[in-house]
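Trainee: give me the fold of what follows.
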Amino acid sequence: MKSKIVLSILLLWTAVVVRGQHFDYDAIAPHPRLLLPSVDEARVRTAAEQVPALARIQSCLFAFCNATLSEPPVERIKTGKRLLDVSRLALKRIYYLAYAYRMTGDERYYARAVREMEAVCAFGDWNPIHFLDVGEMVLGLAIGYDWLYPKLSETSRRTIRTAILEKGLKPSFGKEHDAILNAPTNWNQVCHCGMAYGALAVAETEPDLARRTIERAVEKVRIPMRHYAPDGAYPEGYAYWEYGTSFNVLLISAMENAFGTDFGLCDAPGFLESGKFMLHMVTPQLRSFCYSDCSTDAGLLPALFWFYRKTGDASILCNQGRLLQADSRKNHLQDRLLPLLFVWGQGASLDKPTVPETLYWKGGGDNPVFLMRSGWNDPDALYVGVKMGTPGASHAHMD
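Mentor: Okay, here's the model as predicted:
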């Protein structure tokens, strides 16, 4: 018992020392600091215009923004106990519009993004009883605040900043949210990502709260990241990999941009291998191997472009290249994180996808899988997916 206590104290002391050494808040870059610093704008704009696959998607994104210009802002209308659909639509509109403004300089996109942000800031709350709603709302406002900061009036800055603090960051420290923020599931990844983005956005004006929020996120997100071990198989399946892992890599990207380090998050066993898991989870017919409350649809996954940049393995994008070439652009616009494709996708060979060397993949862990096919890039190829595991895992069933 004494040895366990001593070990716990040593681990806590080590974490404090690491934080003291590496969380250099004085070195945080000026706005915009999240995902797309100003110095990278030209590179992203060039890739989005000159790479045919990216240009097609970007034109559809701009068309969505144009249609949004004539629509009313989102309203606080719950579906059952959730405000999640509203939070997701707000995130999508703010993110798309802020991206479109930065790429084109069109003032209409800027004005509409501000209108959307001020509308959700006027909500009484963002439904903290279902904290996913808060996590996604704060992410959208943080990106909008950060990306549009140089142009925002001081009044708009204050309005958005106050909402992030009072309706997002401060409520997240309520004891009633401890179970969520310590969960081994996608909820942890989404909520800590949103809170960390909010904290980074307002770090200058609320340094103490920002510090507590960011360091909590880096510590707590390690809990679900343990479940990628040993090979990268995500226990919640295809759809929840898209959700939880996308927000996880958003968090890592924010840490790298702000502090120049991922604090060892990418060293979590199996995490960087999970790009291969998702590669093999898509069938030759571009459907998903569906379990854990997942549909059969496979879609564009911007997070896989982050894995490609991290690992250098271009074959991870084989199915993404095929999806981009397919006439399914409308489906791509369902992804509220679509601008990440342009942030992380430049340099990838999308018109001639790299074919993986192996026809099978296996992963252990909470829900082991074995995935095999007779060929790549052939819609008539055979595919077999085998899932094992426990019905006690998140979103698992007696299958």
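Trainee: contacts and neighbour counts: CA atoms only from here.
Mentor: Will do.
Trainee: so H397 touches P391, yeah?
Mentor: Yes. With contact defined as C-alpha atoms under 8 Å, H397 counts as touching P391 (4.7 Å).
Trainee: please identify the helix or strand for the spatially most central residue of the chain.
Mentor: Compute the mean C-alpha point of the chain, and by C-alpha atoms, centre = their mean the closest residue is F247, 2.7 Å away. Applying DSSP states H and E as the criterion places F247 in helix 246-259.
Trainee: list the buried residues of stretch 159-168.
Mentor: For stretch 159-168, the buried set under the neighbour-count rule, 16 or more other C-alpha atoms under 10 Å, comprises 160-161, 163-165, 167-168.
Trainee: now that stretch: average pLDDT?
Mentor: Average pLDDT, stretch 159-168: 98.
Trainee: residue ranges of the strands in the chain, please?
Mentor: Applying DSSP state E to the chain gives strands spanning 360-363, 369-373, 383-387.
Trainee: which neighbouring elements make contact with the second one?
Mentor: Applying 3 or more C-alpha pairs under 8 Å, 6 or more residues apart in numbering; DSSP states H and E, we find strand 369-373 packed against strand 360-363, strand 383-387.
Trainee: burial count for the residue lying closest to A27 once chain neighbours are set aside?
Mentor: Counting by C-alpha to C-alpha, 6 or more residues apart in numbering, F259 is the residue found nearest to A27 once chain neighbours are left out, at 7.2 Å. By other C-alpha atoms under 10 Å, the residues close to F259 number 18.
Trainee: swap in T79?
Mentor: By other C-alpha under 10 Å, the residues close to T79 number 10.
Trainee: from D85, how far off is it?
Mentor: 8 Å (C-alpha to C-alpha, to the nearest Å).
Trainee: let me have the buried residues of stretch 159-168 in a markdown table, extended by distance to P235.
Mentor: Converted to a markdown table, the buried residues of stretch 159-168 look like this (distance: C-alpha to C-alpha, whole Å):
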| residue | distance to P235 |
| --- | --- |
| I160 | 36 |
| R161 | 36 |
| A163 | 35 |
| I164 | 32 |
| L165 | 33 |
| K167 | 31 |
| G168 | 28 |
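Trainee: what sits against I180?
Mentor: 131, 187-188 (C-alpha atoms under 8 Å, 6 or more residues apart in numbering).
Trainee: closest one of the residues you listed to C294?
Mentor: Ranked by distance to C294 (C-alpha to C-alpha), the contacts of I180 are led by W187 at 16.3 Å.
Trainee: got a pLDDT number for the closest one?
Mentor: The model's pLDDT for W187 equals 97.
Trainee: so which of the contacts of I180 wins on neighbours?
Mentor: N188 (27 neighbours).
Trainee: where in this protein is pLDDT low?
Mentor: Counting by pLDDT under 70, the ranges of the chain that qualify are 1-21, 327-332, 399.
Trainee: deepest of the helices and strands packed on strand 369-373, which one?
Mentor: Among the helices and strands packed on strand 369-373, the stretch with the highest mean neighbour count (mean count of other C-alpha atoms under 10 Å) is strand 360-363, at a mean of 19.
Trainee: my read is that A298 contacts L279, right?
Mentor: No. Using C-alpha under 8 Å, A298 is not in contact with L279; the gap is 10.6 Å.
Trainee: so what's the closest residue to K362 other than its chain neighbours up against?
Mentor: Spatial nearest neighbour of K362, chain neighbours left out: F370 (4.4 Å); criterion: C-alpha to C-alpha, 6+ apart. The contact partners of F370, taken as C-alpha under 8 Å, 6+ apart, are 360-363, 385-387.
Trainee: looking at those residues, which is nearest K220?
Mentor: G363 (24.2 Å).
Trainee: for that closest one, which residues make a bridge with it?
Mentor: Assessed by DSSP bridges, G363 has beta-bridge partners V369.
Trainee: list the contacts for it?
Mentor: Here G363 is in contact with 230-233, 277, 369-370 (C-alpha under 8 Å, 6+ apart).
Trainee: which two in those residues are spaced the farthest apart?
Mentor: Maximum distance among the contacts of G363 (C-alpha to C-alpha): 13.9 Å, for P230 and F370.
Trainee: brilliant, that's me finished.
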